[in-house]
Structures are given as C-alpha cells and as structure tokens.
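A.B. asks: okay, structure incoming, though there's no sequence with it:
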C-alpha cells in the first residue's frame with residue numbers, strides 16, 4: 001500500500017519484468033502474490049503476457065479466462081477473478097493480448113492505457129503485481145508507466161549483467177518521459193546453485209554493481225518450483241516444505257520489511 005498526492009491510500013503497483021525469458025519472472029509473480037495473500041494482504045495479479053503463464057500457474061484454464069487483460073485494455077468492465085488463494089485475484093491473459101501491441105499503436109497516450117485501466121479495478125488491494133512479457137515491448141512500456149517500481153528477476157548466468165544494462169536504460173527513459181516516480185525496487189537472483197562457481201560469481205558481480213537494491217534472498221534451482229505450474233498451483237501450495245517455497249516466503253518477508261522501512265522513512 002502506498003499514498004497518492006492527496007494522501008489517499010492506494011495499492012503499490014510492481015512491474016515484474018526482464019526482457020530475457022526463462023529467468024523465473026512468472027514464478028516470482030505467482031509465489032510472491034501467494035505469500036503476500038497468506039499474510040493477510042489483498043493482492044491483484046495482472047497477467048500482461050500473451051502466453052498467459054501466470055494465469056495457468058494460478059489454476060486458470062483457457063476456458064475460465066472470460067474477462068482478460070485484453071478486455072481491460074479495450075476499456076471493458078472487468079472484474080478480477082478470484083483464485084484458490086483467499087485475498088488473491090487475477091486478471092488473466094489469453095493469446096488475444098498479442099493483438100494489443102498492434103491495436104494500441106494508433107491510440108492516443110498509448111503508453112498509459114494500462115495505467116488508466118488499472119485505476120478502475122485496483123482499488124482495495126495492497127499490491128498489484130504485473131507479470132510482463134519477456135521483451136521490452138509496448139505492453140512492457142505500459143506496465144512500466146503504470147508501476148510505482150520494478151522488480152527484476154535475474155537468472156545467475158553469464159549474460160545477466162548485459163541484459164540488466166538494457167533494462168536499466170529503458171527504465172531511465174520511461175522515468176524521464178512518462179513516469180518520474182518509477183525506480184527499481186529490487187533485483188531477485190533466481191535459479192541459484194551454490195555449488196556452481198558461475199552462480200556465485202554472478203551474485204558477487206551483481207551485488208558489486210547494484211548494491212543494496214539486490215535482495216539478500218536467493219531463489220534456488222528446485223525441481224518442485226518447476227513442477228508446480230503444471231499442477232496449476234504456486235509452489236507454496238504445491239509443496240510447502242521444499243526449498244523453493246522457503247525461499248519465496250523469505251523473499252516476501254524481505255520485500256515487506258523493506259517497504260515497511262521505506263514507509264516509516266517517508267513519514
């Protein structure tokens with residue numbers, strides 16, 4: 001929860017993005033959202049990826065996706081769907097969303113369509129997590145304009161810093177032209193293997209370059225995390241005892257502590 005210029009409470013909007021695919025972006029969205037909801041927060045997930053993986057991971061088959069992000073962008077009245085987790089709702093995505101990129105091109109203020117649409121549906125939530133597509137596309141731009149901050153899942157691999165540099169440039173341009181308040185809220189290192197020297201070296205380099213913006217919690221490689229989406233469940237529900245679940249619970253706690261400290265400092 002954050003405050004607008006008039007001091008009114010509104011949800012904290014977090015764009016979870018990385019232009020590289022396969023870095024644990026969607027997994028981070030659904031498991032953070034689940035952990036937040038488990039602690040009593042109201043959470044809305046917006047699936048902004050035409051692949052619809054966040055929708056699948058929260059148990060929504062294609063036939064159940066009747067009011068979608070595509071409809072939201074088209075100005076239709078959309079009611080977020082309840083998930084199996086109390087307090088957690090979602091606006092799911094279908095392949096139709098891929099057409100939004102083309103349809104938005106001629107729309108005035110096309111970069112702000114999602115921000116305007118969210119203002120109609122996000123009230124009453126503490127957090128809105130936007131699962132962005134794995135590209136720096138018009139849909140990602142909309143998410144960045146709508147967001148208060150960016151959360152970047154980053155796989156511990158050789159090209160991680162190179163991809164981060166491009167994303168940082170994009171965030172700087174968006175904050176300079178469309179959303180002055182936008183900033184990186186945190187970087188999450190995913191698929192970490194402590195036995196692998198490369199993972200340790202990437203962690204060291206990212207922390208050296210980015211400092212405290214990198215979360216202390218590391219998300220490990222874990223087969224249960226990979227299995228959970230095929231069962232339509234967050235790993236936190238699929239296997240409550242696995243290392244992946246424990247890591248995402250720690251990450252959620254660290255996120256909440258960090259934002260509680262920031263709120264106190266702002267006050």
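C.D. replies: Thanks, I have the structure now. No experiment lies behind these values; they were computed from the predicted model shown.

A.B. asks: every contact and neighbour count from this point should use C-alpha atoms.
C.D. replies: Will do.

A.B. asks: all helices for the chain, in order.
C.D. replies: Applying DSSP state H to the chain gives helices spanning 25-38, 53-57, 69-73, 100-103, 113-121, 138-146, 160-177, 197-210, 223-227, 235-238, 243-266.

A.B. asks: pretty sure residue 98 sits against residue 50.
C.D. replies: Yes - Residue 98 is within contact range of residue 50, at 5.4 Å (criterion: C-alpha atoms under 8 Å).

A.B. asks: so between these two, which is more surrounded?
C.D. replies: residue 50 (21 against 16; other C-alpha atoms under 10 Å).

A.B. asks: ok, the more buried one - contacts?
C.D. replies: Counting by C-alpha atoms under 8 Å, 6 or more residues apart in numbering, residue 50 touches 93-98, 133.

A.B. asks: ok, of these, which one's closest to residue 246?
C.D. replies: Nearest to residue 246, judged by C-alpha to C-alpha, of the contacts of residue 50 is residue 133 at 26.2 Å.

A.B. asks: any idea how many residues pack against the closest one?
C.D. replies: Using other C-alpha under 10 Å, residue 133 has 26 other residues around it.

A.B. asks: select the longest strand from the protein.
C.D. replies: strand 183-192 (DSSP state E).

A.B. asks: so how far is that strand from its chain's centroid?
C.D. replies: Centroid displacement of strand 183-192 relative to its chain, using C-alpha atoms, centre = their mean, to the nearest Å, is 11 Å.

A.B. asks: stretch 69-76: how far from the chain's middle?
C.D. replies: Averaging C-alpha positions (C-alpha atoms, centre = their mean) puts stretch 69-76 19 Å from its chain's average.

A.B. asks: just stretch 89-107 next, same as before
C.D. replies: On C-alpha atoms, centre = their mean, the centre of stretch 89-107 falls 17 Å from that of its chain.

A.B. asks: okay, buried residues for that stretch please.
C.D. replies: With burial defined by 16 or more other C-alpha atoms under 10 Å, the residues of stretch 89-107 counted as buried are 89-94, 97-98, 100, 104.

A.B. asks: what does that stretch rub up against?
C.D. replies: 43-52, 54-55, 60, 62, 65, 67-70, 73, 79-83, 110, 137-139.

A.B. asks: what about it, average pLDDT?
C.D. replies: The average pLDDT for stretch 89-107 rounds to 90.
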